[in-house]
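**Student:** sharing a sequence plus its predicted fold:
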Amino acid sequence: MAKKNPNACAYAHIVFFSLPDRSPSVRQRFIDMCVKYLANHPGQVHFSVADRDVEMTRPVSDRDFDIAMHMIFKDKASYDQYAEDGRHEEFITVAGSISNHRRVFDSYIDIAVDSD
């Protein structure tokens, strides 16, 4: 299979956060912070953030997180711009006082299927 040009691909940035205080008020405060600092960046075509589905107990489902945040950028250059943006840097500072662990998954998106 021929290697695709990464500059022609969208870029996904997905982060799973763990919170030492899992109370509903802290969870909502953290979600609100994500929206304030991380939504509506140039080149961002999708942003979503929400609580983990606590009722999902399938053995294959990872339950070692509290908040999931999903971003898709039109390209890697847009992600790179976001990563250096002051709002993102400020989020890292303020979120550190609420979140004790995060896992970050970054990938190119080459093929996408839109549902009806």
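**Tutor:** Perfect, I can see it now. Residues are numbered from 1 along each chain as shown.
**Student:** Met71 falls within a strand, correct?
**Tutor:** Yes: under DSSP: H, G, I helix; E, B strand; the rest coil, Met71 sits within a strand.
**Student:** right, and it touches Phe47 too?
**Tutor:** Yes: under the criterion of CB atoms under 8 Å, Met71 makes contact with Phe47 at 5.4 Å. Every residue, glycine included, has its C-beta placed from N, CA and C.
**Student:** of those two, give the one with the bigger neighbour count.
**Tutor:** Legend: neighbour count by other CB atoms under 10 Å for Met71 and Phe47, higher for Met71 (23 against 17).
**Student:** show me the helices in this structure, by range?
**Tutor:** 24-38, 76-84, 86-95 (DSSP state H).
**Student:** can you list the weak-confidence ranges in this structure?
**Tutor:** Low-confidence segments of the chain (pLDDT under 70): 1-7, 53, 60, 62, 111-116.
**Student:** give me that answer again for 50
**Tutor:** Scanning the chain for pLDDT under 50 picks out 1-2.
**Student:** re earlier: okay, the helices of the chain in TSV with mean neighbour count and distance to Tyr108 next?
**Tutor:** Output for the helices of the chain, formatted as TSV (neighbours: other CB atoms under 10 Å; distance: least, CB to CB, whole Å):
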stretch	mean neighbour count	distance to Tyr108
helix 24-38	15	20
helix 76-84	15	7
helix 86-95	13	20
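**Student:** any idea how far Arg58 is from the residue nearest to Ala10 when sequence neighbours are not counted?
**Tutor:** Once flanking residues are discounted, Ala10 sits nearest to Ile109: 4.1 Å by CB to CB, 6 or more residues apart in numbering. Remark: distance between Ile109 and Arg58 (CB to CB, to the nearest Å) = 25 Å.
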